[in-house]
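Participant: Have a look; sequence and predicted model below, questions after that.
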Amino acid sequence: MHLHWLTLNFTGPNAFLEVPFRAHYVLHTLWQVRIALFLGAVMYGFFGVLDAIVLPLHKHITWSIRYLFVCPAILAVSAATFYPRLHKILQPLMSLLISAGGLGIILMIIVAPPPINYYYYAGLILVFMFGYSFIYLRFLWASLSGWIIVALYMLVAFHLPFPNLEIVSNGFFLVSANIAGMLVSYTIEYASRRNYFLLYLLAKEQQKIREINELLELRVMERTAELREINCQLSREIAERHQAEQERNQLESQLKQAEKLEAIGKLAAGVAHDLNNVLSGIVTYPDFLLINIDEKDRLYKPMKTIQQSGLKAAAIVQDLLSLTRQGIAEKTVANLNDIVEDYINSPEYGDALRHHPHVEARIDLQENLLNVYGASLNISKALMNVFNNALEAINKHGRVEIATRNVYLDRHVDAYERIAQGEYAVLSITDTGVGISEDDQRRIFEPFFTRKKLGRSGTGLGMTLVWSTVKDHDGYIDMTSSEGEGTALHIYFPATRQGKNSVPAGTPSSLEDYRGREKVLVVDDIEEQRTIAASMLGMLGYSVHTVDGGEAALAYLKEETADIVVLDMIMEPGIDGLETYQRMLAINPSQKAVIASGFSASERVRKAQELGAGSFIRKPYVLQEIAAAIRKELDREPNRSGS
């Protein structure tokens, strides 16, 4: 700690502490000063009683000095302590006050007659006590006041008829008391400055500790973040490894299935020719014989049995051969609705229902169903196999439903098997039958696996043919079933935008009402979807621009304009449709848009519509639906206010 030896001011490297110390010193002694000043005023006034006793003839003069001069001065300085603006001059004010208090007593000495005035100097010692200690006057100001009082007393003493002995004695006591007071004041201020300096050092160390703690916390946070990232990375690796294991198991299962089918194909290919030759006789010759045998003949029934057995054996051979012919059948553009309608109008459908009169059949076909590229005959036979199985799964009264629908998947779905992202036309057959156990679900597509009663129906190849047909069309199967609650089988056929006979899908005459020449911005993270939408809208006459995400759309709209935006709701990575539309409105508050998604209308879709977006279009796109939605929104009056 660096202090000036006389003034006690902070010097050198600590000089900057002087100004804040003075402010601190005043603030932290205010209450003590106020109490001391109040007591000082009381004591100074109380000594008026002594005046009345020892100076009855002159008391009016001493009282005037006490009550009209000194005490009001004390109260004025006390009042100054309550005004922060006066705190800077509070020390000189108190120094002046102490001088005034001493001057008052000296005036009383002048007024009082001897020998009474010899003893009034004792009051000056009380003034010293207040000035040097009670009111926390700093050393310099207190010393100044003390020596002024001593000097005034000695000047008056020499001019009054004081005995020399009294002058020497009283002067000695006053000087000694003043020096003692100076030592007390010096000690008090030095201790205060030392305490302040220690507080400064403590605060400095505390600041260092806080900085160290903050640095440690930052390092802990960084390390925690690193560990969290490592943990997340390990979790991802574990999840990826687990997923890879599942995919490996699935591929192994598919490989085993393929190996079984390959083994059956080789077996069928090896025996089909010879077996068909044998069956030709078994099936054909009974026909000739039955023509010439009367139904009442005892040989008619055995011959009929031989013929029917031969037909069943021939059907089994045909099923075996079908497993080896998948992929060879001619494929064309077809529509599942047409295939279903052809089947329900066939004799096989009618026969199946006649054998199960307790079962109700329902048909639910979606309009504007997307086409598929495949072999209609094979798909129809797969439908017949699944439908027959569904009928036979119902022991009492029940229901079987055949349905079709368009489905768009933004990402792969892990169902009975992993279904890839894309557009699909889905054929669904659901029943309220006995259901399939979990173990049987894993084996239901294996060759010759069946739970049907021997001799009644089924060869064990029906569901295998369904699986083979679906895979031949690059499709997927999803199956859900619970024992006693029925079964739902969904077959996903990849959709095509081609029309039948390789001609683009025909446009109804009503589409003429939906044509336009406006500028359309298509925003979608899937390239195929952008291409499909652009092709449709371009065919209708619109000027189409496509981008692959919300950020790209915003960048485009900052430079160009679009009359309407076709906005995909779910886009990865990057911002989704809702956030993109919110930012679009910041660029152009009247921007028109329609929302598209492969999922049902979600809460975020509704929020976008509340902001002003138009119709919701469900993927996969259907020409008439997207055309109508675009035209409707373009023709809509721009009278929205963000709701």
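Facilitator: Sure thing, it's come through.
Participant: and the helix or strand that Ala79 is a member of, what's its mean pLDDT?
Facilitator: Per DSSP states H and E, Ala79 falls inside helix 71-80. What helix 71-80 shows for mean pLDDT is 95.
Participant: mind checking the end-to-end distance for stretch 471-489?
Facilitator: Stretch 471-489 has its terminal residues 15 Å apart, counting by C-alpha to C-alpha, to the nearest Å.
Participant: wait, I meant stretch 22-38
Facilitator: Terminal residues of stretch 22-38 are spaced 23 Å apart (C-alpha to C-alpha).
Participant: Can you name the residues in contact with that stretch?
Facilitator: Here stretch 22-38 makes contact (C-beta atoms under 8 Å, 6 or more residues apart in numbering) with 74-75, 77-78, 81, 87, 90-91, 94, 130, 134-136, 138, 192, 196. Just so you know, the C-beta spots here come from the backbone N, C-alpha and C atoms, and that holds for glycine as well.
Participant: In PyMOL, select just the buried ones from these.
Facilitator: In PyMOL syntax, the buried subset of the contacts of stretch 22-38 is picked out as below (16 or more other C-beta atoms under 10 Å):
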select buried, resi 74+77+78+81+87+90+91+94+130+135+136+138+192+196
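Participant: Pull the most distant pair out of the contacts of stretch 22-38.
Facilitator: Across these, the longest distance by C-beta to C-beta is 30.0 Å; it joins Leu75 and Tyr196.
Participant: what's near enough to touch the most centrally placed residue in the chain?
Facilitator: Centroid check for the chain by C-alpha atoms, centre = their mean gives Ile575 as the closest residue, at 12.7 Å. Counting by C-beta under 8 Å, 6+ apart, Ile575 touches Gly549, Gly550, Glu551, Arg583.
Participant: among the residues you listed, which are in strands?
Facilitator: Per DSSP state E, strands hold no members of the contacts of Ile575.
Participant: Name only those of those that count as buried.
Facilitator: Neighbour-count burial (16+ other C-beta under 10 Å) applied to the contacts of Ile575 gives Gly549, Gly550, Glu551.
Participant: what's near enough to touch the last one?
Facilitator: The neighbourhood of Glu551, defined by C-beta under 8 Å, 6+ apart, consists of Gly574, Ile575.
Participant: please redo it, this time with the cut-off set to 6 Å
Facilitator: For Glu551, the contacting residues are Gly574, by C-beta atoms under 6 Å, 6 or more residues apart in numbering.
Participant: What of His58?
Facilitator: By C-beta under 6 Å, 6+ apart, the contact list for His58 reads Val111.
Participant: Swap in 10 Å and give it another go.
Facilitator: By C-beta atoms under 10 Å, 6 or more residues apart in numbering, His58 lies in contact with Asp51, Met108, Val111, Ala112, Pro113, Ile116.
Participant: and the fourth one, how many neighbours does it have?
Facilitator: As a burial measure, Ala112 scores 20 neighbours (other C-beta atoms under 10 Å).
Participant: Ok, the first one next?
Facilitator: The number of residues packed around Asp51, counting by other C-beta under 10 Å, is 22.
Participant: For the nearest residue to it once chain neighbours are set aside, give me the pLDDT.
Facilitator: Closest residue to Asp51 apart from its sequence neighbours, by C-beta to C-beta, 6 or more residues apart in numbering: Thr62 at 4.2 Å. Among the per-residue scores, Thr62 holds a pLDDT of 92.
Participant: For the one helix or strand Thr62 maps to, buried residues please.
Facilitator: Thr62 is part of helix 59-63, with elements assigned from DSSP H and E. Counting neighbours by 16+ other C-beta under 10 Å, one finds that the buried residues in helix 59-63 are Lys59, Ile61, Thr62, Trp63.
Participant: got a list of what Ala629 touches?
Facilitator: If you count contacts by C-beta under 10 Å, 6+ apart, then Ala629 has Tyr514, Ile564, Val566, Val594, Ile595, Ala596, Gly614, Ser615, Phe616, Ile617 around it.
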